[in-house]
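K.L.:
predicted model follows, preceded by the sequence.
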Amino acid sequence: MENITTFKQRWGKEIKAFLNHRLGVIGLAGVVILVLIAIFAPLIAEPVSGYGAYEDKLLPPSSEHLFGTDDMGLDLFSQVIWGTRSSIKVGIIAVLLALVIGVPVGLLAGYFGRIFDTIGMGITDIFLTIPMLPLIIVIAAIAESNSINTVAFIIGIFSWPDIARITRSSTMKVCGMQYIEAARSLGIKTSKIIFKHVLLNASTPVFTNLTIVMASSIVSESSISFLGLGDPLAHSWGKILHNAYQSGAFGTAWWYSLFPSLAIIFFVISFNFLSMGIRDALNPKVSRE
Amino acid sequence: MGRYVLKRLYKGLITFFITITLTFFILRLMPADPATLLMDPRMSEAHRQQMLQEFGLDKPLIVQYFSFLKNLLKGELGISFMQKRPVMDIIAEKLPWTLLLMITTQVTTMLIGIPLGIYSGYKRGTLFDQIVNAVAIFGISIFVPWLGFTLLYIFGYNLAILPVGGAYTPGIEGGLKYFLDVGKHLILPLITLMAIYLANYVLYTRGSVIDVMSEDYIRTARSKGMKERRVLWKHASKNAMVPTVTTAGLMIGRMVGGAVLTETVFAYPGVGRMIYQAVSQQDFPILQGAFIILALSVIIMNIVTDVLCAYLDPRIKLN
């Protein structure tokens, strides 16, 4: 009970601000829908694979095939639904990796400063400068077997620089606070200060950014799959577009590329709106419009 | 200024060095090494050894690394597996097209995005601002290949007013005609990339205009009776532009990714499309070389942007 009151006291204003943010709420709804689709995919559509019937080739949308069929005669609705699952999975793995690498780097750089800061931020800057997508493409091209997990891993290990930067700057802000100074002068162990006091208070801006990492990891995954480097067995929106491009049916079968593209747009917009909502709720100066 | 430029060059050099070192070791430590990818499983062991020797892959990793660096200094990036020509020569043919596409995108997005962001930040909350915001977010979220195909379909096939791909019409050479032809081929890829990167500038500038408008010097300017127009375009925008322009460098790195996809869709003969082709042909030296050259171009463009910024706003040099 006590916990609930403190939570409400701590976040009540922010939650209210978020609920008043129209785009933020739309984004949250979109994210909830996507997660539900990913979880309940087996109940929504039968998974399809291999080759369909010849007479089912490139059928336009109808009541039987809501999104039409592809050049293999396979139902596109099912592929888009199951693609949601892959996308959420890739997003989650990428976000977790970004956290596991980015937060410690930012924390060390921000808390200890000096040499930690120079090296940590130096590496972060380099990773921010180099063209990430071509590097991911090159690595994905060489990786032996591109399961969806491998793709997610490759994307994840390059998603951390933004997280590191944000963790660093908010750590530095928190470290300037008096309670950290108090904790230090009380002789509390450094590790305890970092994990209990600094990390907890510095984590809010990091969470705002996770939704952006989620959105951009899907763009990367779709790009890799579109170039034909994705998991050949998994359903992915980028892979459908790859097939559409390869089949040459782009000009004739508009539904082939439209629905997976809309799915990508829906995914990215939802997470971007959600992050706008969270950001503005935490930073009232910009949100008061 | 001279010292700043030197410092920036030095930093760029270190970035490049670490980038190529990282790339080298990441690629060599992958489970499947390029030689195995290239080799036919039916090849005899002796043949395999001979091939490893030819590519220098039989030596210890560290030796390979130094000979890689030595070759790089001489401007050699190896031989393409498929085309059997020096990678450097192949890239030299493709790079100008990629640079043309990226530089025109960068310049036009800044010219359109920054004023749009300034005005929409100034008119914050109005219908104009909301429309600009919504369009910008939508732009960020669009998937490059789809936008590219849609534009191709509408303007290339249906209306048939723009070319359906490539960077120039073979046969047209020299003078104004060639220039116009190249421009015509550039339009659709340019629009595709712009749609996606415009939002970054718009949203960034908008945010900083909102911050700047509450500053004391804006109030001072207003209380002096200065016209609103002058307050906005002279005083506010000058300061609001600084954070935007400083991120321009970072944007270039991200744009390269978009350029790979755009070039693929429009069959634009740049480095990006070359990467796509090399991927399907497993042409490893091309992939590595393309990445190194792209990284180098991004680093150079970054330095140029930073130096330009420092020239425009001397405060940057102090940081």
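P.N.:
Perfect, I can see it now. Numbers count the residues shown, from 1 in each chain, chains lettered A, B, ... in the order given.
K.L.:
ok, now which ones touch residue B:100?
P.N.:
B:182, B:186 (CB atoms under 8 Å, 6 or more residues apart in numbering or on different chains). For glycine as for every other residue, the C-beta is placed from the backbone atoms N, C-alpha and C.
K.L.:
that one and residue B:205: what is the separation?
P.N.:
Per CB to CB, to the nearest Å, residue B:100 is found 26 Å from residue B:205.
K.L.:
residue B:217 too?
P.N.:
Residue B:217 sits 18 Å away from residue B:205, going by CB to CB.
K.L.:
now swap in residue A:163 and tell me
P.N.:
Residue A:163 sits 24 Å away from residue B:205, going by CB to CB.
K.L.:
the more surrounded of residue B:217 and residue B:205?
P.N.:
Comparing residue B:217 with residue B:205 by other CB atoms under 10 Å in any protein chain shown, the one with more neighbours is residue B:205, at 26 against 12.
K.L.:
now the helices for the stretch 1-150 of chain A?
P.N.:
Taking DSSP state H, counting those that start in this stretch as the test, the helices found in the stretch 1-150 of chain A are A:2-19, A:22-44, A:76-112, A:114-129, A:132-142, A:148-156.
K.L.:
ok, the stretch 51-200 of chain B next?
P.N.:
B:61-73, B:87-122, B:127-141, B:144-151, B:175-213.
K.L.:
just the CA trace of the fourth one, in CSV.
P.N.:
As requested, the backbone C-alpha atoms of helix B:144-151 are provided in CSV (Å, rounded to 0.1, in the frame of the first residue of the first chain):
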residue,chain,number,x,y,z
VAL,B,144,12.6,4.0,-47.8
PRO,B,145,12.0,1.2,-50.4
TRP,B,146,8.3,1.6,-50.3
LEU,B,147,8.4,5.3,-50.8
GLY,B,148,10.9,4.8,-53.6
PHE,B,149,8.7,2.3,-55.4
THR,B,150,5.6,4.3,-55.0
LEU,B,151,7.3,7.4,-56.5
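K.L.:
quick one: contacts for residue A:99?
P.N.:
A:160, A:163, A:206, A:210.
K.L.:
residue A:105 and residue A:208: what is the separation?
P.N.:
Residue A:105 is 18 Å from residue A:208, by CB to CB.
K.L.:
per-residue pLDDT, residue A:94?
P.N.:
At residue A:94, the model reports a pLDDT of 91.
K.L.:
what's the pLDDT at the residue nearest to it when sequence neighbours are not counted?
P.N.:
Closest residue to residue A:94 in three dimensions, ignoring its sequence neighbours and counting by CB to CB, 6 or more residues apart in numbering or on different chains: residue A:217, at 3.7 Å. At residue A:217, the model reports a pLDDT of 90.
K.L.:
report the buried residues of the host helix or strand of residue A:217.
P.N.:
Taking DSSP states H and E as the criterion, residue A:217 maps to helix A:199-226. Residues of helix A:199-226 classed as buried: A:199, A:201-203, A:205-206, A:208-226 (neighbour count, 16 or more other CB atoms under 10 Å in any protein chain shown).
K.L.:
show me what it is packed against.
P.N.:
Judged by 3 or more CB pairs under 8 Å, 6 or more residues apart in numbering or on different chains; DSSP states H and E, the packing partners of helix A:199-226 are helix A:76-112, helix A:132-142, helix A:148-156, helix A:160-175, helix A:237-247, helix A:254-282, helix B:237-265.
K.L.:
do that again at 6 Å, thanks
P.N.:
On a contact count with 3 or more CB pairs under 6 Å, 6 or more residues apart in numbering or on different chains; DSSP states H and E, helix A:199-226 meets helix A:76-112, helix A:160-175, helix A:237-247, helix A:254-282.
K.L.:
in TSV: those, plus distance to residue B:115.
P.N.:
Listed next are these as TSV, based on distance: least, CB to CB, whole Å:
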stretch	distance to residue B:115
helix A:76-112	34
helix A:160-175	27
helix A:237-247	34
helix A:254-282	22
